[in-house]
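S.K.: compute the structure for the input listed below.
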Amino acid sequence: MRSAVSICNKGLQFVGGSPIVSLEEDSRGAQLCSQLYEQVRDELLEAHHWSFATRYVRLPRLPEKPPFHFASAYQLPADCIGVRQLQDSKPFEVVEGRVLYTDSNPAKAIITVRVSDPAQYPAMFVETLARKLAAELSVPLMNSTKLEQSMYNKFLATFARAAAADGAEGVQQVHESDGWLHSRTL
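M.R.: Reported below is the predicted structural model:
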């Protein structure tokens, strides 16, 4: 079963570090993983609108009048780490306090949420997270900027594959061998 420790161990393995049993243990690897894991996870969740972290929500309207040209203010959920778009595609702005300003009424949004349960992570996300952790661990754990660069390049390649695979979910592929479709598009 996936856990924060198993993901950290994968990252530690990539850089030649010793495995850990717990994030609370008294070892340099565990201390660094404890400091880095949540931050790196959230950065990765923010970097792409992952399917497993997507939610469709109706935002609660706030009584306050927004400044400038927006008509309404809405409260974003506490676990929201990014707003993709509003259902009606109207412009919006997110400000401090996790407030969204828009002219939409009501405001129905597609958001990215913080998913903290590693059991919900797809395999490619786990690999990408472990690669990013490895890059972050390279200098403080192994004192190697060369290793850091190598791990960062591997992270970028893994991220690109994972994001492409995730982005393809739900997309219908058109096969040129489908004669009926071909004749309908001529």
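
S.K.: so K108 is in contact with Y56, correct?
M.R.: Yes - look at K108 against Y56 with Cβ atoms under 8 Å: they come within range, at 7.1 Å. Any C-beta I mention is one placed from the backbone N, CA and C, and that applies to glycine too.

S.K.: tally of neighbours for R2?
M.R.: R2 has 15 neighbours, counted by other Cβ atoms under 10 Å.

S.K.: residues contacting it?
M.R.: Shown in contact with R2 (Cβ atoms under 8 Å, 6 or more residues apart in numbering): 118-119, 121, 126.

S.K.: how far away is it from G17?
M.R.: The gap separating R2 from G17 is 19 Å, by Cβ to Cβ, to the nearest Å.

S.K.: can you check L32 too?
M.R.: L32 is 9 Å from G17, by Cβ to Cβ.

S.K.: shared neighbours, those two?
M.R.: 137, 141.

S.K.: how about the spatially most central residue of the chain, secondary structure?
M.R.: Centroid-nearest residue in the chain: L45, 1.3 Å away (criterion: Cα atoms, centre = their mean). Secondary structure assignment for L45 (DSSP: H, G, I helix; E, B strand; the rest coil): helix.

S.K.: nearest to R61, out of the contacts of R2: which one, please.
M.R.: Y121 (33.1 Å; Cβ to Cβ).

S.K.: contacts only, for the closest one.
M.R.: 2, 52, 115, 129.

S.K.: so among those, which ones count as buried?
M.R.: 115, 129 (16 or more other Cβ atoms under 10 Å).

S.K.: can you give me the helices in this structure?
M.R.: Along the chain, the stretches classed as helices by DSSP state H are 4-15, 28-47, 123-142, 145-168, 179-185.
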